[in-house]
Structure formats: C-alpha cells, structure tokens
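In: just coords:
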Ligand SMILES: Cc1ncc(COP(=O)(O)O)c(C=O)c1O
C-alpha cells in the first residue's frame, strides 16, 4: 500500500468519495492491489489522504457493494480474491483504449419496428412494479418549467434539430453519467430515444442481423425480450443468481451468441448487483467473441444502501458495451438515452439517421428537464 497513489483533488468538482473509490478500483484493475490483499483501515487511509473518514467509508462501501472488496469480520477489508488473474491486467478506467476490432455489420434486411402496448397499462395500483410514484410527481413545478422553456424557444429549435437529440440535454446526460456512473462518454455519443425499448430496438437493428442469437437474463425484463424479438433476434435464456448473469452458463451457450442483454446494476426482477468477478468475465467473453453487451441501467437513481453502482460500460476497454438509461423511473415514462463506448461517432450516428424511432426532445416534455 506504500506505493499506492490515490490523488485527491478538491478543485475538480468530482466528489472526494468518488475520487477515492475510482482510485482504489484503478489500483485493483491495474494490479497495484492484488486479490486477497488487505487494504488500509478507513481511519488510516483518511489520515494518509488528509480527508475526513466519511468519504473513505463511502468509497469502501461502494467497492464492497460492487464486489471489488470483501470485509472479514475482525480482520479488515481485502481485495476480492475471486477476480480472475488474467482479467486484472485490463487497462485502468479512463485510459485510452484500442480501436474496436470489428466494424458494425450491415443488416441484411430492415425489420419492422412496431411498438406494442406495455404490460404495465392502467389501472395504476400501489407498489406496481416498474411504475414510479406518479401521484407524487411535482406537476405545478413541472408545468412552470415547461412554460418557461416554450416561451424561450427559438426558431432554430422549432426547425429540424439534430436527430440525436437536444444538444443541451445530451451534454447534461453525459456529465451526469460520467460523474455518477463512471460511464465514459461525451455528448456526441449520447442519443435521445423514446424509451429503453426503443434504444434496444435501435441497437439491435444497427448491430445485429435477423436471427442472430442474443442472450437474455432468465428471469428477465419482458420489455427487452419483446424489443429484441421485434428486431428479429433469436433469444437465448441464461440463468441469473445472486451475482447476476451466470457468465459460465453464457459461455456454454456457444460461440455464435452475438449480443447479451443485462441489467448489471440492479438485475430485473431479482435485484442482484453483478459482482466484479462476473463483470470482468462478461467483458472478457464479449471481447473474445466479438459480441455486444447491451447494458440496461434503468433505475440507478434509486439506492437505499450505497451510491449508484459504476457502469459496466466504464470498465470496457474493447468498445463492446452499449449503455442505456431512462427517465422513466425518475420522472415518468418515456424518454431514454443510449451511449456506446466507441470513441468513433460513425456507428452511433448511423443509429440515428436510419431510425424512425428516435424522438425529438424538442417535443418530449421529459427530455427537457436537465436543461431547465
Ligand atoms: C429492466 C427495465 N429496463 C428499462 C425500463 C424502462 O423502460 P422504458 O425506458 O422503455 O420506459 C424498465 C421499466 O421498468 C425496466 O424494468
């Protein structure tokens, strides 16, 4: 631990707990902290870094939750020793990455993109799965914000805007994702879409060919199944357990799986957070099989016991992850975003150009919120 460099910079605006958790995660990923190694006490590290104990406690709690660290009663906190050795040489989060090995494969034919009604239709009842507390929505404040925005609307905003979505909204989403989920993206890589299912259909229509085999979590989100099936995918169920998707079972499904749909931050519907070991194994599987990971981070705004979990996308060094999020839980259905980890915009741009399902945030009330 003497050689561990954990710089804390109070001028960056990045919360100190996140600087510490990112620094420790990086140290684990690039091998400066080895599996099974004991890490300093929170009090000791706080003294070394010249910070209060609170951010160090939050950082440890976060990494315990993500599965990078394990606590052993009476003897301290250790780096998880089940992270496979060969995965730990992965370049650290935030470093540059090699170009993707495979260009997007062209689709063989267009697939009809017909939306179907949700299973969460009215009537609304208390504790209904998948629906936020709509009765608590701040209608009056929202109406004022909408009215203010409409009054300020320019002629340019009334004309055809960037099909990727309102620039100010994409900038706000990119900042939010970088700060709260360690997602690696710029505003140019964010697309606004009318819901996560639209993001999935778009991803599938762009990246997959008809009848491609796509792995899905079992049990899993029926909305994703429907969207992928509508895009012509052949669904391959893979079991989940307390650590999330069973990657060994995924590997046994064969080398021709082109993509996998996962909810690693909060598995739907069982609730597990995917362990660090599984995350590395899944990223490794995708890189070795040239497959895509469709990461659905649908409700990370809501946590009782820890900060939002860092995204799989932020750990990906092979450009294999399409990250999707939504406002459906924080506000109301339906406005979502998708980002790819690719530094090249070409793939993302073609999603947009060709997609009739991309919404214009100018007309979507829920898309305006961060810029208001
Ligand atoms: C797993 C999962 N993904 C995504 C969503 C949100 O989908 P959308 O953005 O299409 O409303 C939900 C809604 O509950 C969900 O359960």
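Out: Received the coordinates, thanks. The structure presented is a predicted model; accordingly, all values stated were derived computationally and were not measured. Numbers count the residues shown, from 1 in each chain.

In: neighbours of residue 15, how many?
Out: Residues contacting residue 15 under the criterion other Cβ atoms under 10 Å number 15. For glycine as for every other residue, the C-beta is placed from the backbone atoms N, C-alpha and C.

In: would you agree it is in contact with residue 59?
Out: No: if you go by Cβ atoms under 8 Å, residue 15 and residue 59 don't touch, sitting 9.6 Å apart.

In: can you confirm residue 210 is in a helix?
Out: No: Residue 210 is assigned coil when assessed by DSSP: H, G, I helix; E, B strand; the rest coil, not a helix.

In: gap between it and residue 204?
Out: Noted for residue 210: a distance of 10 Å to residue 204, by Cβ to Cβ, to the nearest Å.

In: more neighbours: those two, which one.
Out: Between residue 210 and residue 204, counted using other Cβ under 10 Å, the more crowded position is residue 204 (29 against 15).

In: does that one count as helix, strand or coil?
Out: helix.

In: quick one: it and residue 211 touch, right?
Out: No: the criterion here is Cβ under 8 Å, and residue 204 misses it with residue 211 at 11.6 Å.

In: picking that back up, so what sits against both of residue 210 and residue 204?
Out: Contact criterion Cβ atoms under 8 Å, 6 or more residues apart in numbering; residues shared by residue 210 and residue 204: residue 232.

In: wait, what's in contact with residue 150?
Out: For residue 150, no contacting residues are found, by Cβ under 8 Å, 6+ apart.

In: quick check: it is in a helix.
Out: Yes: counting by three-state DSSP, one finds residue 150 located in a helix.

In: so for it, what pLDDT did the model give?
Out: With respect to pLDDT, residue 150 scores 91.

In: do residue 2 as well
Out: 46.

In: so what's the residue count around residue 147?
Out: By other Cβ under 10 Å, the burial measure for residue 147, its neighbour count, is 10.

In: could you measure from it over to residue 153?
Out: Residue 147 is 11 Å from residue 153, by Cβ to Cβ.

In: then residue 284?
Out: From residue 284 over to residue 153 (counting by Cβ to Cβ), the distance is 48 Å.

In: over to residue 205?
Out: 31 Å.

In: these two: which has the busier surroundings?
Out: Counted by other Cβ under 10 Å, residue 205 and residue 153 do not tie: residue 205 has more neighbours, with 20 against 10.

In: with adjacent residues omitted, what lies nearest to the more buried one?
Out: In this structure, residue 205 finds its nearest non-sequential neighbour in residue 231, 5.4 Å apart by Cβ to Cβ, 6 or more residues apart in numbering.

In: that neighbour: neighbouring residues, count only.
Out: There are 23 residues near residue 231, going by other Cβ under 10 Å.

In: over to residue 133?
Out: 10.

In: quick check, pLDDT for it.
Out: At residue 133, pLDDT is 83.

In: can you give me the strands in this protein?
Out: 38-39, 69-72, 76-79, 190-193, 213-218, 234-241, 244-245, 257-262, 292-297, 321-326, 336-340 (DSSP state E).

In: and of those, who's closest to residue 22?
Out: Closest to residue 22 of the strands of the chain, according to Cβ to Cβ: strand 69-72, at 13.8 Å.

In: given that closest one, what are its sheet partners and their directions?
Out: As defined by DSSP bridges, the strand partners of strand 69-72 come to strand 76-79 (antiparallel).
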